[in-house]
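In: below are the sequence and a predicted model for it; my questions follow.
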Amino acid sequence: MSIKNRLRLIVILGAACMVSAHADAEIAGVEFSADMVSRGPDGQATTGKMYVGDTRMRVEMSRQGRNIVRISDQGRHMEWMLFPEQQNYMERAIPAGAQSAPSAEANPCAGVEGLTCRKVGEENIGGRAAIKWEMSAVHDGQTATGVQWIDAERALPLKYQMPNGQTMELAMLGQEQINGRTVEKWQMTTAVPDQQPIQTFQWYDPQLKLSVREEFPGGLVRELDNIEIGKQPDSLFEVPAEYSKLDTPPAAQQ
């Protein structure tokens, strides 16, 4: 297998692991709003807003100095990207099953093109019950296979092994209080052959079913602040009537 094809297959396999590792709040089943805060090592912060409704989510953010709003509706299998300054929007279909409720039994390859997954059994990883999935990617007639273990209780990826020797393992360190909420602190260790392992930390909220804080090497911190549980207005998840639909993204956003 050529190096190019091998790298392509590894990227496809990694996509399934990333999909599992970053289950969005839109599938949590709890309605809430929160401030999104990202702080760099220099202490400067960027902020946004998240609103989670019944199978719907709205994220407001700023990218390259322009405001952007993303609305996802898994009930309708649709997603919209809004550009408030221009009063226009784009839309795309979300593959059915790509945003199903988090479950270790759910196919982690759902929504990832070129990838298939096969459940191969149950194992114990770090003292936690896990479902083992074999992932296979095919590109230009070549096949690469990786393995992923999904936590049976939390539906988080506890471990994966890639064909290039890259590995990841997630371990729960205990419970902590963040902004008055009881959360679980997890440590993620990623290892690549001939390199030092990299550790990141995340604080998982069992009620919201997502991480409310993440710490990365180098000092980057992302977190949700001012979390308020409660029903969200339907108007937050609708495209305003005065907005025009775009077939291609604005040049400034490309």
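Out: Looks like it came in fine.
In: burial count for the residue nearest to Phe32 when sequence neighbours are not counted?
Out: Distances taken as C-beta to C-beta, 6 or more residues apart in numbering put Ile229 closest to Phe32, at 4.8 Å, once the chain neighbours are dropped. Yep, even glycine has a C-beta here, placed from its N, CA and C like the rest. Neighbour count for Ile229, taken as other C-beta atoms under 10 Å: 13.
In: from Ser235, how far out is Ile229?
Out: 19 Å (C-beta to C-beta, to the nearest Å).
In: next, the contact list for Gly165, please.
Out: 192-193 (C-beta atoms under 8 Å, 6 or more residues apart in numbering).
In: so where does it fall, helix or strand?
Out: Gly165 is part of no helix or strand when elements are defined by DSSP states H and E.
In: got phi/psi on it?
Out: phi 90, psi -10 (degrees, to the nearest 10).
In: now swap in Ser235 and tell me
Out: Dihedral angles (degrees, to the nearest 10) for Ser235: phi -60, psi -20.
In: what about it, how many residues nearby?
Out: Ser235, neighbours per other C-beta under 10 Å, totals 7.
In: now do the one 3 residues further on
Out: In terms of burial, Glu238 registers 14 neighbours under the definition other C-beta under 10 Å.
In: same thing with Pro41?
Out: The burial count for Pro41: 11, using other C-beta under 10 Å.
In: all strands for the stretch 151-254 of the chain, in order.
Out: Counting by DSSP state E, counting those that start in this stretch, the segments of the stretch 151-254 of the chain that form strands are 157-161, 167-178, 181-191, 198-205, 210-215, 221-229, 244-245.
In: adjacent strands (with direction) for the shortest one?
Out: Within its sheet, strand 244-245 is paired with strand 88-93 (parallel), according to DSSP bridges.
In: give me the mean pLDDT for the partner strand.
Out: Mean per-residue pLDDT for strand 88-93: 94.
In: pull the residues that contact that strand.
Out: Contacts of strand 88-93 (C-beta under 8 Å, 6+ apart): 77-83, 239, 243-250.
In: among those residues, which ones are buried?
Out: Burial by neighbour count, judged by 16 or more other C-beta atoms under 10 Å, picks out 79-83, 239, 243 from the contacts of strand 88-93.
In: Leu210: which of the residues you listed is nearest?
Out: Glu79 (17.7 Å; C-beta to C-beta).
In: picking up where we left off before, out of the contacts of strand 88-93, who's nearest Leu208?
Out: Glu79 (20.4 Å).
In: make sure that closest one is indeed in a helix.
Out: No. Counting by DSSP: H, G, I helix; E, B strand; the rest coil, Glu79 falls outside a helix, being strand.
In: which non-adjacent residue is nearest it?
Out: Ser72 (4.8 Å).
In: A helix includes that neighbour, no?
Out: No. Counting by three-state DSSP, Ser72 is not found in a helix; it is strand.
In: cheers, nothing more for now.
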